[in-house]
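Undergrad: Provide a 3D model corresponding to the input given below.
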Amino acid sequence: MSKAFQTPAPVTGDLADLTQFTCSLAEAAASVTRPYFRKPIDIIQKLDNSPVTIADRECETRIRSLITERFPDHGILGEEHGFDGAEQSEIWVIDPIDGTKSFISGLPLYGTLLAYVKDGGVRIGAISMPELEEFWIGIEGQGCFFNGAPCRVSECRSLENAILMTTALEYFSPGNREKFAVLREKSRIRRYGGDCYIYAMVASGFADLAVETGLQTYDYMALVPVVEQAGGVITDWSGKRPDFDSDGTIVAAATQELHQQALEILNS
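TA: Now for the predicted structure:
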């Protein structure tokens with residue numbers, strides 16, 4: 001197993017085996033996507049006009065097969081192949097390539113997202129960046145780890161000192177774009193692009209605030225333990241912890257104070 005995907009040594013208890021399995025899924029996913037990266041590849045437009053490639057589909061198929069082999073009674077929700085076993089108490093949520101546009105553009109900021117959910121609550125979440133050989137995993141009650149070492153959010157408590165990130169303004173509706181513009185003008189530094197990578201930067205303390213809209217369950221579920229277990233706060237714009245019924249708006253902040261300031265603007 002690659003050093004990046006090794007199970008964090010301190011992890012114990014009932015989630016230890018599931019954590020190890022999640023790490024192995026991330027490594028398997030990387031072995032599928034990396035041979036396709038920066039190679040000639042067909043791009044297919046889905047019904048929602050988003051792009052998909054053979055790498056997305058093969059990667060999800062591989063992850064699903066490994067989960068089914070190990071845990072045949074677990075449900076699986078994935079971006080490319082839908083929801084099997086939605087009635088199960090234990091469910092895996094998969095985004096094989098988060099940032100397909102980056103992937104097909106040759107940018108290494110695409111990731112694989114993996115989440116383990118039990119009884120409706122997400123307990124393990126992982127962000128894998130194959131081309132960078134960087135891996136974050138958050139385990140409920142155990143902490144968040146980057147390449148096996150504990151990581152922590154920043155101590156930023158005011159918007160005027162915050163580094164704010166989002167993937168692209170085009171994903172905001174006109175009304176929400178205006179709210180984000182207010183947030184943007186009050187922040188210290190703004191950076192764009194990155195998809196799931198921006199939440200990893202919040203978890204590692206390099207960014208302080210990530211704000212997005214239009215996300216699907218497979219886009220945000222894995223982010224929740226990563227940010228929370230690093231000491232941060234992540235909710236939808238109404239202040240609710242993300243779950244299967246969330247509306248796709250996300251605010252991830254380093255501190256409660258910063259999170260509250262962002263919510264006040266986004267709900268104004």
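
Undergrad: the stretch 51-200 of the chain: strands as residue ranges?
TA: 51-52, 75-78, 82-84, 90-98, 111-118, 121-129, 134-139, 143-146, 149-150, 163-166, 189-192 (DSSP state E, counting those that start in this stretch).

Undergrad: sheet partners, orientation included, of the third one?
TA: In other words, strand 82-84. strand 75-78 (antiparallel) (DSSP bridges).

Undergrad: please apply the same query to the fifth one.
TA: Sheet pairing for strand 111-118, assigned by DSSP bridges, gives strand 90-98 (antiparallel), strand 121-129 (antiparallel).

Undergrad: just the ones you listed: most buried one?
TA: Among the strands paired with strand 111-118, strand 90-98 has the highest mean neighbour count (mean count of other Cβ atoms under 10 Å), at a mean of 27. To be clear about C-beta, it is placed using only N, CA and C from the backbone, and glycine gets the same treatment.

Undergrad: mind listing residues that contact that strand?
TA: 29, 32-33, 53, 55-57, 59-60, 63-64, 67, 71, 73-80, 85, 103, 110-118, 122, 195-196, 217-219, 221-222 (Cβ atoms under 8 Å, 6 or more residues apart in numbering).

Undergrad: give me the buried entries from these.
TA: Buried members of the contacts of strand 90-98, counted by 16 or more other Cβ atoms under 10 Å: 29, 32-33, 53, 55-57, 59-60, 63-64, 67, 71, 74-80, 85, 103, 110-118, 122, 195-196, 217-219, 221-222.

Undergrad: so who does Asp73 touch?
TA: Applying Cβ under 8 Å, 6+ apart to Asp73 gives the contacts 85, 88, 90.

Undergrad: at 7 Å what do you get?
TA: Gln88 (Cβ atoms under 7 Å, 6 or more residues apart in numbering).

Undergrad: and it, how far is that from Gln20?
TA: Going from Asp73 to Gln20 by Cβ to Cβ, to the nearest Å gives 19 Å.

Undergrad: where does the residue nearest the centre of the chain fall, phi/psi-wise?
TA: The chain has Leu223 as the residue nearest its centroid, 3.8 Å off, counting by Cα atoms, centre = their mean. Main-chain dihedrals, Leu223, degrees, to the nearest 10: phi -70, psi -30.

Undergrad: for it, which non-adjacent residue is spatially closest?
TA: Excluding the flanking residues, the one nearest Leu223 by Cβ to Cβ, 6 or more residues apart in numbering is Tyr199, at 4.6 Å.

Undergrad: I'd say that neighbour and Val226 touch.
TA: Yes. In this structure Tyr199 lies within contact range of Val226 using Cβ atoms under 7 Å: 6.3 Å.

Undergrad: okay, now the unreliable bits of the stretch 151-268 of the chain?
TA: The model of the stretch 151-268 of the chain has no residue with pLDDT under 70.

Undergrad: what do you get if the cut-off is 90, keeping everything else the same?
TA: The stretch 151-268 of the chain contains residues with pLDDT under 90 at 268.

Undergrad: can you put the strands of the stretch 51-200 of the chain in TSV and add distance to Ser173?
TA: Below are the strands of the stretch 51-200 of the chain laid out as TSV (distance: least, Cβ to Cβ, whole Å):
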stretch	distance to Ser173
strand 51-52	21
strand 75-78	25
strand 82-84	26
strand 90-98	21
strand 111-118	24
strand 121-129	26
strand 134-139	29
strand 143-146	31
strand 149-150	38
strand 163-166	14
strand 189-192	17
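
Undergrad: looking at those, which is nearest to Asp243?
TA: strand 121-129 (7.6 Å; Cβ to Cβ).

Undergrad: quick check: mean pLDDT of the closest one?
TA: Averaging pLDDT along strand 121-129 gives 97.

Undergrad: just the angle for that strand relative to strand 134-139, thanks.
TA: Angle of strand 121-129 versus strand 134-139, following axes from the mean of the first three to the mean of the last three Cα atoms, to 10 degrees, is 170 degrees.

Undergrad: what sits up against strand 121-129?
TA: So strand 121-129 is contacted by 15, 18-19, 22, 26, 29-30, 111-117, 135-140, 196-197, 199-200, 221-226 (Cβ under 7 Å, 6+ apart).

Undergrad: please verify my assumption that Arg70 contacts Phe21.
TA: Yes. Contact status for Arg70 versus Phe21: in contact at 6.4 Å, counting by Cβ under 7 Å.
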